[in-house]
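**Student:** Okay, sequence plus prediction incoming.
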Amino acid sequence: MVTRLFLQTHRTPVLSDDDAAALQAAESRAIDFPAKRVIVRENVPLTQCTLLLSGFIERFRDTPEGRRQILAIHVPGDFVDLHSYPLKRLEHSVAALTPVTVATFAHSEIRKLTERSATLTELLWRSTLIDAAISREWIVSVGARGASVRLAHLLCEMFVRLERIGMTRGQEYDFPVTQIDLADATGLTAVHANRMLRKLREQNLVEFRQGLVRIIDWPALKDFAEFDPRYLFLD
């Protein structure tokens, strides 16, 4: 079921069987993209939304000087550009961080869903609002948290979001991104990010090696990262 992970992430409001079937039926097609492929380019007119089925996706902006700021990292089950439905374009780009599979939903089908059911409308709206809440938390990290704290916070967030969809193993999870990706997501240089990851490992908090995150001490890591998952609205 294409929408299984989306509904596993967003468990409220609860859909009726008919609404769940309508959401599933709204899918247009599934597409595979290799790592680093741009999926949506900024300011290009859009007629469909993208649901991530497997892999990791980034939303980003590149500066004229060539510096990249990753604005969001999406996990399976996320609509990566649902806000393109009312806006019809994005002011940023979307790319595959890893090999990914996505499902597309035509804007015309999204409209039919919102016209069909107030519950479906609330669910899609809630998904977009949670996406915005995560974005605000990232702004706090980049603007107000120290380098090692913001890296720790990102690794905590990924753990909780992946645990929600059954993609963790105890206190380990696969996160096959590069240290450059982590740097671009946290406003650091790759060299600085490498030093901060080493600091987190030496403090026996968390280890990141070759795309595998191993949390050594979850309570201590949460405390160090100032991580409060309430902004994820998992209830």
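**Tutor:** Sure thing, it's come through. Since the structure is predicted, the reported quantities are computational estimates derived from the model, not experimental observations.

**Student:** which residue ends up closest to the midpoint of the protein in space?
**Tutor:** Centroid-nearest residue in the chain: His74, 2.0 Å away (criterion: C-alpha atoms, centre = their mean).

**Student:** mind listing what the closest residue to it other than its chain neighbours touches?
**Tutor:** Setting aside the residues directly before and after it, His74 is nearest to Ile57 in space (C-beta to C-beta, 6 or more residues apart in numbering), at 4.3 Å. Using the backbone N, CA and C atoms, a C-beta is placed for each residue, glycine as well. Counting by C-beta atoms under 8 Å, 6 or more residues apart in numbering, Ile57 touches Ile39, Ile73, His74, Asp78, Val80, Val94, Ala95, Ala96, Leu97, Val100, Val102.

**Student:** repeat that with 10 Å
**Tutor:** Each residue near Ile57 by C-beta atoms under 10 Å, 6 or more residues apart in numbering is listed here: 33, 39-40, 50, 72-76, 78, 80-81, 94-98, 100, 102.

**Student:** Is it possible to mark the buried ones in those residues?
**Tutor:** The neighbour count (16 or more other C-beta atoms under 10 Å) marks 33, 39-40, 50, 72-76, 78, 80-81, 94-98, 100, 102 as buried among the contacts of Ile57.

**Student:** What's the local residue count around Phe175?
**Tutor:** 22 (other C-beta atoms under 10 Å).

**Student:** now do Ala132
**Tutor:** Neighbour count of Ala132, defined by other C-beta under 10 Å: 10.

**Student:** Any buried residues in the helix or strand that it is a member of, and which?
**Tutor:** Under the criterion of DSSP states H and E, Ala132 resides in helix 118-144. Residues Leu120, Leu123, Leu124, Ser127, Ile130, Asp131, Ile134, Glu137, Trp138, Ser141 are the ones in helix 118-144 that count as buried (16+ other C-beta under 10 Å).

**Student:** Tell me the helices and strands packed up against that helix.
**Tutor:** Secondary-structure packing of helix 118-144 (3 or more C-beta pairs under 10 Å, 6 or more residues apart in numbering; DSSP states H and E): helix 4-9, helix 17-25, strand 68-74, helix 84-87, helix 107-116, helix 147-164, helix 179-186.

**Student:** Make TSV out of these and add mean pLDDT.
**Tutor:** Putting those into TSV (pLDDT from 0 to 100) gives the following:
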stretch	mean pLDDT
helix 4-9	96
helix 17-25	97
strand 68-74	98
helix 84-87	97
helix 107-116	98
helix 147-164	98
helix 179-186	97
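
**Student:** Give me the domain ranges for the chain.
**Tutor:** 4-138, 146-232 (automatic domain parsing).

**Student:** Now do the phi/psi pair for the residue nearest to His74.
**Tutor:** Dihedral angles of Ile57 (phi, psi; degrees, to the nearest 10) stand at phi -120, psi 150.

**Student:** For it, give the beta-bridge partners.
**Tutor:** Beta bridges link Ile57 to His74, Ala96, judged by DSSP bridges.

**Student:** any idea how far it lies from Tyr231?
**Tutor:** In this view, Ile57 and Tyr231 are 20 Å apart by C-beta to C-beta, to the nearest Å.

**Student:** again, but for Leu51
**Tutor:** Separation of Leu51 from Tyr231 (C-beta to C-beta) stands at 22 Å.

**Student:** Please identify which of these two sits among more neighbours.
**Tutor:** Taking other C-beta under 10 Å, Leu51 and Tyr231 do not tie; Leu51 has more neighbours (25 against 16).

**Student:** can you tell me which residues contact that one?
**Tutor:** Listed by C-beta under 10 Å, 6+ apart, the contact set of Leu51 reads 2-3, 5-6, 23, 26-27, 30, 74, 76-82, 101-105.
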